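> sequence and predicted structure are below.
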Amino acid sequence: MTSAEELFHQLATQIPDTAEGKMFGALCMKAPNGKAGVLFKKDNIAFKLEETELQETLSLDGAQIFSPADGRPMNGWVQLPYTYAEKWPELAQKAMDYVRTLKK
């Protein structure tokens with residue numbers, strides 16, 4: 001297990017009302033409403049964020065709109081590499097807080 005994956009699992013246990021699951025064959029964190037807010041893939045984490053936070057995160061070097069398949073970007077999701085691991089906890093919390101407000 002990589003350091004990035006270890007951090008993902010650690011975050012999943014620290015954020016209240018969060019369960020680990022799978023989405024697109026990758027590890028993810030889900031809220032009680034079944035909505036995923038954080039997805040781990042290839043030592044990157046993708047976060048489902050509100051627009052303001054999304055744009056701020058996209059301004060970081062190496063950040064990009066998350067695309068689980070080539071040419072299919074996911075609306076509202078930003079992917080951030082492990083080089084920004086220090087930002088992952090705060091963004092994971094914000095993502096999970098946000099998706100808890102979404103309807104099933």
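Good, I have the coordinates.

> so which residues of the protein form strands?
19-23, 26-30, 36-41, 44-48, 64-65, 77-81 (DSSP state E).

> just put these in CSV and tack on mean neighbour count.
C-beta here means a position set from N, CA and C on the backbone, and glycine is covered the same way. Formatted as CSV, these follow (neighbours: other CB atoms under 10 Å):
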stretch, mean neighbour count
strand 19-23, 14
strand 26-30, 21
strand 36-41, 24
strand 44-48, 26
strand 64-65, 15
strand 77-81, 21
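
> for residue 6, which of those is the nearest?
Closest approach to residue 6 among the strands of the chain (CB to CB): strand 36-41, 10.6 Å.

> run a quick check on residue 82 versus residue 4, I expect a contact.
Yes. Counting by CB atoms under 8 Å, residue 82 touches residue 4, with 4.2 Å between them.

> overlap in contacts, the two.
Common neighbours of residue 82 and residue 4 are listed as 43-44 (criterion: CB atoms under 8 Å, 6 or more residues apart in numbering).

> tell me how far the closest residue to residue 54 other than its chain neighbours lies from residue 32.
Nearest non-adjacent residue to residue 54, counting by CB to CB, 6 or more residues apart in numbering: residue 78, 5.5 Å away. Per CB to CB, to the nearest Å, residue 78 is found 23 Å from residue 32.

> what does residue 88 give?
For residue 88 relative to residue 32 (CB to CB), the value is 22 Å.
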